[in-house]
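**Q** heads up, no residue letters with this:
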């Protein structure tokens, strides 16, 4: 099982044997013979080097490789850390005329086949350099590789700054004028350094020119007894082996150089909680603590596998598949630590505006509309009062012509009883201090709440002083209110007594007495009409001030995102909108409203009102409509770079993934059914792959996908191919580079994923493979 | 402001109403009536006004009519003088 999945291994592709002797002055390679291969293997084993290559100077000895192959393929060899080896040669090449030579290591894809070793050997023999100062020209070198005809990875030596062309270091920069150009065209697949400080220099060089070429070290060991050092005299104590996350094969190395960001210098997984494997009948399919991609045709059972892993097994068809295939999940994780995004879930949440909510919590915080609602309700109420007062004034003046008194002889005769007029005027008088008293009581109760709030403890003394002042004001108002109340109380008693008296008198009245009483009542009405008109005309109408601009927005910062909710009225003057909702166009300003002094104009002004008796209802309805529209909210999300995220499904999907992959507090395993849904290939490459890549070393990710970009470009750690054979699931798995007699993962991707072949070709184009 | 309302009956029995010696209205003998609108105009009220009502009869005839209208103005003046504006 372990062989199908890669791991982080050490490798060394630069070791010499006695075949390099012709170039060495000393006898440093004399012991590095076929007979002493076990010495090398032992050293490699001790140093935990899983993959190596013997790359002699312009020479190739197939016998050494055969010997290595025989030893490592035996069942009982002790070198368990040494997993694989590759055939290679270190060429001396002058790439540009007039420049110095450089060393280029060529690693061949021989698959440990003897015939291929022989092909290499024969071609080197034909083009053999005999003197140690001889070099290959670029054309010679290319012709040799072409004649060998095997897939090849070229690694150039670079032991200094790439701009240093001083010569004599066998570096690539000694042999070409423009190192950047030769790398960009893909002529060279990797650079080899030996000293750690050179790695730092090269990393800076490459960062400056944004060139993501692979860098790794090679021991250049000549004397195997001194491995990993060069020889007994030359011991680079600073040397350390490069590591890559690969299978110890040519294909593994190929995958690494075409995706150096995900394969080199990667850390060991820190995630200990995971889903370790799934058993289907007798087959156990492992999951890795990294990225696992499940691929296969529609209806192959991919979603069923996801649901089985996640424990979502209530559906009948899921239960059936699980039963037929005897599926069991090996997992050590609490299911609450699994984050599962099922197919179509994002669309559903998006349509229901629930994409960024978690239980009862909304990432978009609620806005408190109270200040706005209160401000406009008060304005509306006061505006209405002012208009109605204005109308009343006018009506009272107009009504004066209805009252007339005519002198009638005899109507002034004194009665034997006291006639009391004006008793009707003693009505329920509204206490003018009542509203103020209520308001101040409300204020005092809020003060109590403040004083009991711990937050305000530092301000207690100040608050207590304010409270005393408020209580004092309340007591003054209460005194005035009580005086009015008492007066009203007395007046009511008087009113009642007078009514009783008049009732008694009425029973004893003659016809003439009644006429006199009626006449006097009429007289009284005239007087009251005049006084009422005077009082009304003296009342000043104060028009309410337009409400100030009010804030109505919330911002919630979470995991690098800013969730913003904004009401329509936020920082906006809403008065024009208020007028247009409340009144018709002719009266849509304060100036025009101030001209309303009759009931007819009032009725006309209020929008959608057809009857005077409906004015209160219509007014309230219009106000309600205005407020509802004004408090309507917009939501938008800003990312870490303060860019607004778009509101389309694709953009929101991307934000959703970015958002919760950045929050790794509540989950350990991420399971997604088709994360590519609604996201363009461009955004998959530019963004989505980056989000998953950022957490691959910390969390386990398992997804079903039909998009090869999410397999090949994301460089997943484990591909699980599912096929459904009449209900029975057949599964193959492995890392991208895995292949054996029955399974070739890259071929499975190419054959079963739309665009899979093209995606693989694009990736391998870096390397130069054309098929 | 002090305002004097004078109700004066003339020999032809017409009644004229004066406010601070300015003639405001005539009540003729045919229609001995006055409406509220006219009364309102005669007072020409402004905040702070205090009214006093006087009467005069050029002849002694129809004194009760004069008294009637004087009494009317006195009642109105008393109420107007009692107005307190906020």
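**A** Thanks, I have the structure now. The structure presented is a predicted model; accordingly, all values stated were derived computationally and were not measured.
**Q** flag every residue of chain A that's near chain B.
**A** Within reach of chain B by Cβ under 8 Å from any Cβ of the partner chain, chain A has these residues: A:397, A:400-407, A:409, A:412, A:523, A:526-527, A:529-531, A:533-535, A:537-538. Using the backbone N, CA and C atoms, a C-beta is placed for each residue, glycine as well.
**Q** so which of those residues are in helices?
**A** The helices, defined by DSSP state H, take in A:397, A:523, A:526-527, A:529-531, A:533-535, A:537-538 from those.
**Q** can you select the buried ones from these in ChimeraX?
**A** Only the buried entries of those go into this ChimeraX selection, using 16 or more other Cβ atoms under 10 Å in any protein chain shown:
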select /A:397,523,526,527,529,530,531,533,534,535
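**Q** which one of the ones in helices among the residues of chain A next to chain B is nearest to residue A:191?
**A** Nearest to residue A:191 among these: residue A:538, at 97.9 Å, using Cβ to Cβ.
**Q** that closest one against residue B:47, yeah?
**A** Yes: here residue A:538 reaches residue B:47: they are 6.2 Å apart, a contact under Cβ atoms under 8 Å.
**Q** circling back: now the two most distant members of the ones in helices among the residues of chain A next to chain B.
**A** The distance between the two most remote of these (Cβ to Cβ) is 23.5 Å, for A:523 and A:538.
**Q** tell me what residue 9 is bridged to.
**A** No chain specified, so I'll use chain A. With DSSP bridges applied, residue A:9 shows beta-bridge pairing to residue A:244.
**Q** ah, no, chain B please
**A** Note on residue B:9: beta-bridge partners by DSSP bridges are residue B:15, residue B:57.
**Q** give me every residue that touches it.
**A** Residue B:9 is in contact with B:15, B:55-59, B:61-63, B:65-66, counting by Cβ atoms under 8 Å, 6 or more residues apart in numbering or on different chains.
**Q** distance check, it against residue B:67.
**A** Per Cβ to Cβ, to the nearest Å, residue B:9 is found 10 Å from residue B:67.
**Q** repeat for residue A:721
**A** According to Cβ to Cβ, residue A:721 stands 121 Å off from residue B:67.
**Q** just want to know which of these two has more residues nearby.
**A** Set side by side, residue A:721 and residue B:67 show more neighbours around residue A:721, with 23 against 17, by other Cβ atoms under 10 Å in any protein chain shown.
**Q** and that one, that's in a strand?
**A** Yes: under DSSP: H, G, I helix; E, B strand; the rest coil, residue A:721 sits within a strand.
**Q** ok, it touching residue A:732?
**A** Yes: when contacts are counted by Cβ under 8 Å, residue A:721 is listed as touching residue A:732 (4.7 Å).
**Q** residues shared between the contacts of the two?
**A** Common contact partners of residue A:721 and residue A:732 (Cβ under 8 Å, 6+ apart): A:745, A:748.
**Q** buried stuff in the top helix by length along chain B?
**A** Using DSSP H, we find that the single longest helix of chain B is helix B:63-81. Residues of helix B:63-81 classed as buried by neighbour count (16+ other Cβ under 10 Å): B:65-70, B:72-77, B:79-80.
**Q** ditto for stretch A:551-567
**A** A:552, A:554, A:556, A:561-567.
**Q** average pLDDT for that stretch, rounded please.
**A** Here stretch A:551-567 scores 90 as its mean pLDDT.
**Q** what distance separates it from the centre of its chain?
**A** Averaging C-alpha positions (Cα atoms, centre = their mean, to the nearest Å) puts stretch A:551-567 14 Å from its chain's average.
**Q** what parts of chain B come near chain A?
**A** Applying Cβ under 8 Å from any Cβ, one finds that chain B approaches chain A through B:31-37, B:39-40, B:43, B:45, B:47, B:64-65, B:67-69, B:71-72, B:75-76, B:79-80, B:83, B:85.
**Q** where exactly do the strands run in the stretch 351-500 of chain A?
**A** For the stretch 351-500 of chain A, strands defined by DSSP state E, counting those that start in this stretch occupy the ranges A:357-358, A:361-362, A:404-406.
**Q** scratch that, the stretch 1-150 of chain A is what I was asking about
**A** For the stretch 1-150 of chain A, the strands defined by DSSP E, counting those that start in this stretch cover A:7-15, A:49-57, A:84-94, A:102-108, A:136-137.
**Q** please state the offset of the first one from the chain centre?
**A** Averaging C-alpha positions (Cα atoms, centre = their mean) puts strand A:7-15 38 Å from its chain's average.
**Q** tell me what that strand is packed against?
**A** strand A:49-57, strand A:84-94, strand A:102-108, strand A:214-217, strand A:242-246 (3 or more Cβ pairs under 8 Å, 6 or more residues apart in numbering or on different chains; DSSP states H and E).
**Q** now these as TSV including mean neighbour count and distance to residue A:303?
**A** Below are the helices and strands packed on strand A:7-15 laid out as TSV (neighbours: other Cβ atoms under 10 Å in any protein chain shown; distance: least, Cβ to Cβ, whole Å):
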stretch	mean neighbour count	distance to residue A:303
strand A:49-57	25	37
strand A:84-94	24	37
strand A:102-108	24	41
strand A:214-217	23	37
strand A:242-246	24	29
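**Q** quick one: closest of those strands to residue A:264.
**A** Comparison of those against residue A:264 by Cβ to Cβ identifies strand A:242-246 as nearest, at 5.3 Å.
**Q** got the angle between the closest one and strand A:84-94?
**A** Relative orientation of strand A:242-246 and strand A:84-94, computed by axes from the mean of the first three to the mean of the last three Cα atoms, to 10 degrees: 120 degrees.
**Q** which helices and strands does strand A:242-246 pack with?
**A** Here strand A:242-246 touches strand A:7-15, strand A:214-217, helix A:250-258, helix A:260-263, going by 3+ Cβ pairs under 8 Å, 6+ apart.
**Q** tell me how far the second one is from the chain's mean position?
**A** Okay, so that is strand A:214-217. Mean-position distance between strand A:214-217 and its chain equals 34 Å (Cα atoms, centre = their mean).
**Q** same question, stretch A:12-20
**A** 50 Å.
**Q** got it, and stretch A:462-479?
**A** On Cα atoms, centre = their mean, the centre of stretch A:462-479 falls 52 Å from that of its chain.
**Q** in it, which residues are buried?
**A** A:467, A:474, A:477-478.
**Q** looking only at pLDDT, what's the mean for that stretch?
**A** Mean pLDDT, stretch A:462-479: 94.
**Q** what's in contact with it?
**A** If you take Cβ under 8 Å, 6+ apart as the criterion, stretch A:462-479 is touched by A:433, A:436-437, A:440-441, A:443-444, A:447, A:450-451, A:456.
**Q** check stretch A:316-332 too.
**A** With Cβ under 8 Å, 6+ apart, stretch A:316-332 has contacts from A:273-281, A:284, A:301, A:304-305, A:307-309, A:311-313, A:727-729.
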